[in-house]
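Chemist: I would like the atomic coordinates for the input below:
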Amino acid sequence: MIRLLVFMKKLPHLTTAEFLRYWLEEHGPLVRKNAPARRIKRYTQIHPGEPQALAAIVNHRGGLVAKFDGIAEICWDSVEDIAAASQSEAGKLAAVEIVEHEKTFLDLPNLEFFLGKEHVFLNLT
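Modeler: The predicted structure follows:
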């Protein structure tokens, strides 16, 4: 499986609560609706967790707390599926709809992306 991680930054005028609600209730269903045209197999939103637990982890292990408002994970079966979705008319229209919607709540120039192939060592779910 190919995974794209998008490290999200909200628009500065939004509160964290506004951003998370909009992302969950408005954007998630939009991505779900457009998933077939984009050949997306899985879409996950990772919202911020417990600050005390994160502080304990960072204190124990060292490092920095990431300065993101959330992480989106988009998965495809292959890079060929990504390319095919980007070339199809339906895929292009879906991509435009998604990006136009993202402009309403994301600081697009400050998003960071990571694309990679997963190698599963444990899957208990």
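
Chemist: mind listing the helices for this protein?
Modeler: For the chain, the helices defined by DSSP state H cover 16-22, 28-38, 51-61, 79-87, 89-102.

Chemist: okay if I get those helices as TSV plus mean pLDDT, distance to Phe113 and mean neighbour count?
Modeler: Using the backbone N, CA and C atoms, a C-beta is placed for each residue, glycine as well. Formatted as TSV, the helices of the chain follow (pLDDT from 0 to 100; distance: least, CB to CB, whole Å; neighbours: other CB atoms under 10 Å):
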stretch	mean pLDDT	distance to Phe113	mean neighbour count
helix 16-22	96	19	15
helix 28-38	98	15	16
helix 51-61	74	22	10
helix 79-87	96	12	14
helix 89-102	97	13	15
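
Chemist: Figure out which of the ones you listed is closest to Glu118.
Modeler: Closest approach to Glu118 among the helices of the chain is made by helix 79-87 (12.8 Å; CB to CB).

Chemist: partner residues bridging Ile71?
Modeler: Judged by DSSP bridges, the bridge partners of Ile71 are Phe7, Ile46.
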